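In: I'd like to go over a predicted model; first the sequence, then the structure.
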Amino acid sequence: QVQLVESGGGLVQPGGSLRLSCTASGFALDYYTIGWYRQAPGKEREGILCFSPNDGSIDYYLSSAKGRFTISRDIAKNTVYLQMNSLKPEDTAVYYCAADPVSVLVPFTYQYEHWGQGTQVTVSS
C-alpha cells in the first residue's frame with residue numbers, strides 16, 4: 001500500500017520546538033521531491049518548503065519558516081522530518097507532507113502525487 005503517514009504533532013508552548021515525521025510505505029523516498037504544507041482553520045493550505053533529492057536544495061515557500069524550520073531525511077527509515085523551532089501561535093495548523101518522483105524543486109502549486117493525512121500542531125500557552 002502506497003502511503004505517507006505524518007506524526008509528531010501536538011501541543012507546544014510559544015517558543016518551543018516540534019519535529020514532525022513523514023514516513024513512506026510502498027515506495028522509496030530517496031528520489032522523491034518532498035513538500036511540506038500546512039492549513040490553518042478557515043484558511044487556504046499554504047506551502048512551507050520544497051526539498052529536491054537531486055542536490056539537497058531547499059526552496060522555502062513560506063518566508064517566516066526560513067531560519068526556524070528545516071527538513072532532513074533518514075533514508076534507512078524511509079522518513080523525512082520537519083524540525084520546527086521558535087514556534088509561534090500563528091504556526092497552529094494541520095501539517096501535511098507530500099512526495100513526488102519529479103525529483104526537482106517545484107512551485108508550491110505543484111500537484112504532488114502522494115499526500116499524507118496530516119498532523120495537528122497547536123502552539124499555545
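Out: Arrived safely, thanks for sending. Residues are numbered from 1 along each chain as shown.

In: Could you check how many residues crowd around the closest residue to Ser17 other than its chain neighbours?
Out: Leaving aside its chain neighbours, Ser17 sits nearest to Asn85 (4.7 Å; criterion: CB to CB, 6 or more residues apart in numbering). Every residue, glycine included, has its C-beta placed from N, CA and C. Look at Asn85: counted by other CB atoms under 10 Å, it has 13 neighbours.

In: what do you get for Pro14?
Out: Counted with other CB under 10 Å, Pro14 comes out at 13.

In: That one contacts Thr92, doesn't it?
Out: No - using CB atoms under 8 Å, Pro14 makes no contact with Thr92, being 10.2 Å away.

In: Next, show the common contact partners of these two.
Out: Residues touching both Pro14 and Thr92 (CB atoms under 8 Å, 6 or more residues apart in numbering) are Val123, Ser124.

In: quick one, strands of this protein?
Out: Counting by DSSP state E, one finds strands in the chain at the ranges 3-7, 10-12, 18-25, 33-39, 46-51, 58-60, 69-74, 79-84, 93-100, 114-115, 119-123.

In: and of these, who's closest to Phe108?
Out: Comparing the strands of the chain by their distance to Phe108 (CB to CB), the top pick is strand 46-51, with 3.0 Å.

In: Tell me the strands beside the closest one, with direction?
Out: Strands that pair with strand 46-51, judged by DSSP bridges, come out as strand 33-39 (antiparallel), strand 58-60 (antiparallel).

In: Flag every buried residue along the last one.
Out: What it means is strand 58-60. Tyr60 (16 or more other CB atoms under 10 Å).

In: quick revisit: adding distance to Cys97 and mean pLDDT, write the strands paired with strand 46-51 out as CSV.
Out: As requested, the strands paired with strand 46-51 are arranged in CSV below (distance: least, CB to CB, whole Å; pLDDT from 0 to 100):
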stretch, distance to Cys97, mean pLDDT
strand 33-39, 6, 98
strand 58-60, 14, 96
